[in-house]
Structures are given as structure tokens and as C-alpha cells.
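Enquirer: have a look at this fold, sequence not included:
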């Protein structure tokens with residue numbers, strides 16, 4: 001074929017169409033996506049079966065996470081899903097490690113870079129203290145600091161970056177030279193920061209953080225929020241996000257992405273959510289760090305408060321239609337009354353919460369804001385009074401039945417879930433510790449917040 005004929009063929013050939021994105025419908029792929037969303041580190045020797053499954057489904061996994069702008073790292077003995085920062089980071093911070101533990105996490109990482117592949121715990125911590133001195137951070141050598149160091153070491157071990165080979169990490173609390181042997185995996189250090197960016201954090205840390213957290217594309221922000229947060233509220237979206245939710249959530253990305261993760265898209269006037277089908281998980285911890293409803297005093301108190309807010313909350317100047325507001329004083333008073341009715345006898349509330357409603361209110365607030373079921377905003381108190389908070393309960397907080405009597409038990413019942421999805425795909429596990437359910441209850445689901453870094 002002559003060059004002229006070949007050029008003419010190229011001109012007449014129709015342009016190649018972009019291949020449509022078809023999410024993998026295989027159950028194994030969906031289960032892996034859900035697991036990686038909550039557990040982004042798979043380490044050889046601990047997660048060998050999961051790593052093998054990731055290799056079998058690697059093309060489908062990469063296709064799905066690419067829609068979110070995430071990066072999937074697959075190595076011989078490591079799988080790392082490099083995710084975006086969590087939605088609403090302030091709310092998530094209350095559920096995460098303490099600032100001291102986070103500081104020591106990165107100090108230990110800085111020290112690990114220059115350590116041999118095998119090192120003692122005392123040597124690593126000594127180098128981390130040197131890094132702290134170089135950065136101008138004070139060290140105290142007290143028990144609080146040791147606990148922060150121990151928490152950071154556990155975080156490193158969980159990620160497989162600095163692993164314990166021999167000894168007991170707990171021994172460090174009482175002996176800084178405890179006989180604990182650690183393995184330093186230097187090649188994994190580069191994957192700890194999921195969004196390194198292009199700026200130098202040492203030169204301009206604030207600009208680096210802003211770059212790491214910023215996602216200018218509204219559609220990608222919405223995809224990430226639906227996958228990595230409990231629900232999305234229409235009243236809290238900007239114009240571009242609200243337009244995507246209104247016009248593109250089903251056919252463009254939302255529906256297919258939910259299918260890829262084995263979830264069910266629920267769309268209502270107040271927002272949208274990816275609902276976890278009952279058959280998609282076996283244990284509550286598979287849903288992430290904040291499954292709700294769940295057993296325990298805090299979850300039980302939270303559900304009682306949701307019922308109370310539905311009846312006694314006021315509309316006022318809430319974020320949007322359907323939001324119910326209560327002052328912090330009203331919340332504490334309600335929890336005090338609940339504690340007096342549930343603190344005694346077998347299966348009652350924990351003593352520390354029953355005797356300290358303020359502590360309980362803090363834990364309940366963390367759970368509600370972490371699962372995106374409420375917003376706490378500063379309120380304007382009268383002159384001379386202390387600043388207080390206004391609790392705004394989202395419309396999604398009214399998903400549980402108002403009839404029945406809540407009982408602090410530990411069993412579970414099954415109830416029908418969202419009306420937006422077929423019944424066979426949306427049965428949700430609702431513990432009896434949260435609510436006695438009846439067959440005529442309103443739609444229910446189990447909220448999950450899978451983000452974990």
C-alpha cells in the first residue's frame with residue numbers, strides 16, 4: 001500500500017469510539033471493592049488469599065477505582081488502594097487516632113527510612129525522637145507519650161510498613177528497650193501518603209494539604225462521596241454537585257458504580273446513598289469503623305435520641321427541608337432521662353455513660369456526625385452565657401420506626417429496607433439493641449462509613 005493510499009484510508013476510517021465503562025458484575029470483584037474501600041492495605045503473610053483474589057480481578061478493580069480517581073498498587077506481597085482524603089475530614093478526625101499518635105506515626109516513618117530491614121523497637125523510637133528534635137517537637141518520655149508511640153507502632157504494623165516479628169509491643173509501655181524485633185519494609189514507605197501531590201510539604205505545608213484534599217471535578221467528588229460516605233444530602237451540595245445528583249446519578253455514574261461495588265443506589269428528594277445489601281456482609285466490622293445501628297450503649301442512646309428529635313426537634317433555620325434541630329442542653333437533658341431508664345439491671349447501659357451524660361453526648365455526637373446523620377453548629381447564646389451547639393438531625397435520621405419500645409438487648413432482627421430498591425437486595429441488619437422492629441416499620445438500612453486510611 002502506497003503512502004498516499006494509506007493516508008487516504010486513515011482519513012476515511014471512522015474515529016474509534018471510546019469504550020463504554022461496564023462495571024464487573026462478579027460477586028468476588030464487588031466483595032473485593034467493598035473490602036478495599038474499608039481496608040486499603042493487604043499484606044503478604046496475612047492477606048494472601050485476598051491478594052490472590054485481587055490479582056484474579058485486577059482489570060475490573062482498576063476500572064472501578066479509576067472512576068473515583070484512586071490508584072490501585074498491586075505488588076507480589078502488597079496491595080495498596082491509594083484513596084482520596086475522607087469526605088468531611090473534621091467529622092472523621094474525632095473517630096481517628098489522637099494528634100500525638102499521628103505525629104509519632106510520621107516520626108517513626110521518617111526514622112524507618114534510615115533503619116536496617118531488621119531493627120529493635122528501642123532503636124527505631126530513639127531515631128524517631130531524633131527526628132522530633134530536628135523538627136522542633138518536644139518529647140516528654142512519659143506514659144502518655146509511650147501510649148501514643150505504641151498506637152503509632154500498631155498503625156504501622158496494621159499497614160505492613162513496620163511489622164512486628166518477635167516480642168510483644170505492649171512491653172514498650174514499661175520498657176523502652178523491650179525485646180521486640182521489627183521488620184522495616186522500605187519499599188512500602190512510599191505508599192503511606194496516598195496523595196503526595198507536586199508541592200513540597202516542608203516548604204508550604206498548608207498549600208500541600210490543600211492540594212492533597214482538593215478535587216475540582218464535581219462529578220468525581222460525588223462518586224467518592226457516595227462510595228466513601230454514609231449518604232449525600234442535597235441541601236449541603238453546591239450547584240455543580242446538585243446538578244450531577246439530579247441528572248446523572250442513575251445513568252451516568254451512580255448506578256453503575258453501585259453495581260460494581262455490589263451496593264444498591266437509593267435516591268430520594270433529600271439525597272442519595274449506596275445501601276449495603278444484607279447478603280453483602282457477615283459482620284458489622286466489614287462495614288467500616290462506624291457501622292450504625294450497632295450494639296452498645298452509644299448506639300442505643302443514639303437511636304433513642306433520633307426518635308426524640310423526630311418528635312421534639314424544631315425546623316428553625318436548619319440546613320434544609322426536613323432537618324430537625326435541638327439545642328445541646330436539650331440533647332443532654334434527653335440523654336439524662338434515657339440513662340435513668342436504661343442504667344439498671346442486666347444489659348443496661350455502661351456505668352460511665354449512665355453517670356456522665358455530657359460524655360455520652362460527646363460520643364453520640366461523634367457517631368451522628370461521623371455517619372453524616374447530624375450536623376453540630378455553633379449557636380448564639382444570650383449575652384453572658386457560654387457558647388453552645390445546635391444539633392441538626394438530617395432527614396435520613398428518621399429511617400427507624402417510631403412505634404415500639406427500645407430495649408438494650410444484644411440480639412438482632414431483620415427488617416425491610418429502602419423502598420427505592422428490590423426487596424431481595426436490601427434486607428438490612430438492625431440489632432434489637434437498637435430498636436424492637438415490627439413488620440410495619442418504615443424503611444430501614446444499616447449505615448456504613450467505610451473510609452479507612
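Expert: Structure received. Keep in mind that what you see is a predicted model, and the values were worked out from it rather than measured. Numbers count the residues shown, from 1 in each chain.

Enquirer: going by C-alpha atoms from here, please, whenever you check contacts or count neighbours.
Expert: OK.

Enquirer: residues near the nearest residue to residue 155 once chain neighbours are set aside, how many?
Expert: Leaving aside its sequence neighbours, residue 155 sits nearest to residue 105 (CA to CA, 6 or more residues apart in numbering; 7.5 Å). Using other CA atoms under 10 Å, residue 105 has 22 other residues around it.

Enquirer: now the nearest residue to residue 343 once chain neighbours are set aside: phi and psi?
Expert: Spatial nearest neighbour of residue 343, chain neighbours left out: residue 349 (4.8 Å); criterion: CA to CA, 6+ apart. Summarising the backbone geometry of residue 349 under the convention degrees, to the nearest 10, its torsions are phi -70, psi 160.

Enquirer: hang on, isn't residue 349 packed against residue 339?
Expert: Yes: with contacts counted by CA atoms under 8 Å, residue 349 reaches residue 339, the gap being 7.2 Å.

Enquirer: could you check how far the residue nearest to residue 155 is from residue 45?
Expert: In this view, residue 105 and residue 45 are 23 Å apart by CA to CA, to the nearest Å.

Enquirer: ok, residue 320 next?
Expert: For residue 320, the distance to residue 45 equals 49 Å [CA to CA].

Enquirer: neighbour count: those two, which is higher?
Expert: Neighbours per residue (other CA under 10 Å) separate residue 320 from residue 45, with residue 320 holding more: 17 against 11.

Enquirer: where does that one land in three-state SS?
Expert: coil (DSSP: H, G, I helix; E, B strand; the rest coil).

Enquirer: ok, residues contacting stretch 76-89?
Expert: Taking contacts as CA atoms under 8 Å, 6 or more residues apart in numbering, the residues outside stretch 76-89 that touch it are 36-37, 40-45, 48, 51, 69-74, 92, 191, 194-195, 212-213, 225, 228-229, 451, 453.

Enquirer: quick one: average pLDDT of that stretch?
Expert: Model confidence over stretch 76-89, given as mean pLDDT, is 90.

Enquirer: now do the buried residues in that stretch.
Expert: Of all the residues in stretch 76-89, those buried under the rule 16 or more other CA atoms under 10 Å are 78, 79, 80, 81, 82, 83, 84, 85, 86, 87.

Enquirer: host element of the fourth one?
Expert: Put plainly, it is residue 81. In this structure, residue 81 sits in strand 78-82 according to DSSP states H and E.

Enquirer: now that strand: how far from the chain's centre is it?
Expert: 17 Å (CA atoms, centre = their mean, to the nearest Å).

Enquirer: stretch 148-168 now?
Expert: Average the C-alpha atoms of stretch 148-168, do the same for its chain, and the two points are 21 Å apart (CA atoms, centre = their mean).

Enquirer: could you pull out the strands for this protein?
Expert: 41-43, 71-75, 78-82, 118-120, 162-166, 181-184, 232-233, 264-268, 271-275, 324-327, 374-379, 388-393, 412-415, 428-431 (DSSP state E).

Enquirer: would you mind giving the ones you listed as JSON lines with distance to residue 140 added?
Expert: What follows is the strands of the chain, written out as JSON lines (distance: least, CA to CA, whole Å):
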{"stretch": "strand 41-43", "distance to residue 140": "32"}
{"stretch": "strand 71-75", "distance to residue 140": "38"}
{"stretch": "strand 78-82", "distance to residue 140": "34"}
{"stretch": "strand 118-120", "distance to residue 140": "21"}
{"stretch": "strand 162-166", "distance to residue 140": "23"}
{"stretch": "strand 181-184", "distance to residue 140": "24"}
{"stretch": "strand 232-233", "distance to residue 140": "43"}
{"stretch": "strand 264-268", "distance to residue 140": "50"}
{"stretch": "strand 271-275", "distance to residue 140": "46"}
{"stretch": "strand 324-327", "distance to residue 140": "40"}
{"stretch": "strand 374-379", "distance to residue 140": "35"}
{"stretch": "strand 388-393", "distance to residue 140": "34"}
{"stretch": "strand 412-415", "distance to residue 140": "47"}
{"stretch": "strand 428-431", "distance to residue 140": "44"}
